[in-house]
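>>> Sharing a model that was predicted from the sequence below.
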Amino acid sequence: MMRSVKAFAPATVANVSCGFDILGFPIDAMGDYVEVTRRDRPGLRVVSIEDDGGKLPWEVEKNTCAVAIQAMLESYGKQVGMDIALRKGLPLGSGMGSSAASAVAALVAANRLLGDPFERKDLLPFAIVAEKAACGAGHADNVAPSLLGGFVLIRDYHPLDVIKLHVPKGLYCTLLHPHFELNTSDSRSVLRDSIPLKHSTIQSGNVAGFVSGLYQEDFELISRSMRDVIAEPYRAVLIPGFYEVRESLKAAGALGMGISGSGPTLFALSKGSEQTAAMAKAAEEIYEGIGLGVDVYFSAINTVGAYVLEEKN
Ligand SMILES: Nc1ncnc2c1ncn2[C@@H]1O[C@H](COP(=O)(O)OP(=O)(O)OP(=O)(O)O)[C@@H](O)[C@H]1O
Ligand SMILES: N[C@@H](CCO)C(=O)O
């Protein structure tokens, strides 16, 4: 019987401009690490949290690692005692799916500790419960790609219908993380409850175009489809320099760009990695001008999702 398991879950870009709450992909560049260790008594404990600046909750009903594992154990039907150790590789409130990565890494580790009773896709509802605990909304467009890898479409939430999409060769992602926090719940609160019919038409056309572009490996179609009329117009005002950075990234060769998840990180897709240095330089100059530090990450699209790093007997 396994005594402890450590797993990694990648950061994710949710929405991908046109797919609000229904589209996302993971990146290779970074993620969260969770180790779960069996204990003699039933019950979960968060025993360590590193690299969170002391900001994350240790309570099992609040930390997404524990919330997710608890939901899994309820479905498993047996209370197994586990100690949970979390190392944050992702900045908080960044728009890179940080709460999701914690939950997914915890689930993959705990599932393996139990001998993998759940298939990968069957862990998703437990991760959604955790996401709801963290930001008030049970959106799956961070947890699903972090768990499954590649572009993932959430066709429906009730019941869950999640589809892994084709990843074209040579598609590359640049992430720009300006140094301030924007919580998902805050940037969801600026959104409208209803959208005009014409916006629904525009958005549906673009999400269909984007998915077709992936399968046809048609980078021009992907580029044309990266437009968001639902969330971006309301959220852009929360992100200093958004429109300037957008113009500079496009001029430097991005296929398209947008807000990663709920921001403030911005992402750009490109064909290959040749343009990424120019994109980063252009954006860095703009952020410097507005007095904001920025971290830049380059990554291929992660196609495998979360994985087990280490098992101890
Ligand atoms: N392991 C965790 N347990 C509990 N809360 C967490 C955990 N990791 C992050 N959070 C919190 O969850 C909230 C949701 O933010 P999160 O950091 O996931 O958003 P994000 O990185 O901006 O991602 P996105 O916009 O892509 O959802 C933040 O308040 C963050 O501090
Ligand atoms: N789809 C979610 C993702 C949050 O990362 C949102 O845009 O609020």
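Sure thing, it's come through. Ligands and ions are numbered 1, 2, ... in the order given.
>>> so how far is residue 142 from the residue in the stretch 201-313 of the chain that ligand 2 sits nearest to?
Minimum separation of the stretch 201-313 of the chain from ligand 2 (CB to the nearest ligand atom) falls at residue 261, amounting to 2.6 Å. (Each C-beta comes from the backbone N, C-alpha and C, glycine too.) Distance of residue 261 to residue 142, given as CB to CB, to the nearest Å: 6 Å.
>>> Same check on residue 52?
For residue 52 relative to residue 142 (CB to CB), the value is 17 Å.
>>> Between the two, which is the more surrounded one?
residue 142 (34 against 17; other CB atoms under 10 Å).
>>> which residues touch the residue in the stretch 151-300 of the chain that ligand 1 sits nearest to?
Nearest residue of the stretch 151-300 of the chain to ligand 1: residue 261, at 2.5 Å (CB to the nearest ligand atom). Residues in contact with residue 261 (CB atoms under 8 Å, 6 or more residues apart in numbering) are 12-15, 24, 95-97, 141-142, 184.
>>> From those residues, which land in helices?
Using DSSP state H, the subset of the contacts of residue 261 located in helices is residue 184.
>>> now, which of the contacts of residue 261 lie close to ligand 2?
Among the contacts of residue 261, the residues lying close to ligand 2 (CB under 6 Å from any ligand atom) are 14-15, 97, 141-142, 184.
>>> Give me the phi and psi for the residue of the stretch 151-300 of the chain closest to ligand 1.
phi 60, psi -130 (degrees, to the nearest 10).
>>> Residue 108 too?
phi -60, psi -40.
>>> quick one: low-confidence ranges for this structure?
1 (pLDDT under 70).
>>> mind listing the helices for it?
Taking DSSP H as the criterion, the chain carries its helices at 64-76, 98-113, 124-135, 143-148, 184-189, 197-216, 219-225, 232-235, 242-251, 276-289.
>>> In CSV: the ones you listed, plus mean neighbour count.
CSV is the format used below for the helices of the chain (neighbours: other CB atoms under 10 Å):
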stretch, mean neighbour count
helix 64-76, 23
helix 98-113, 31
helix 124-135, 23
helix 143-148, 31
helix 184-189, 17
helix 197-216, 16
helix 219-225, 18
helix 232-235, 18
helix 242-251, 18
helix 276-289, 17
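>>> With ligand 1 in mind, check whether the strand ranked longest in the chain reaches it.
The longest strand of the chain (DSSP state E) is strand 23-38. No. Under the criterion of CB under 6 Å from any ligand atom, strand 23-38 makes no contact with ligand 1; the nearest approach is 7.3 Å.
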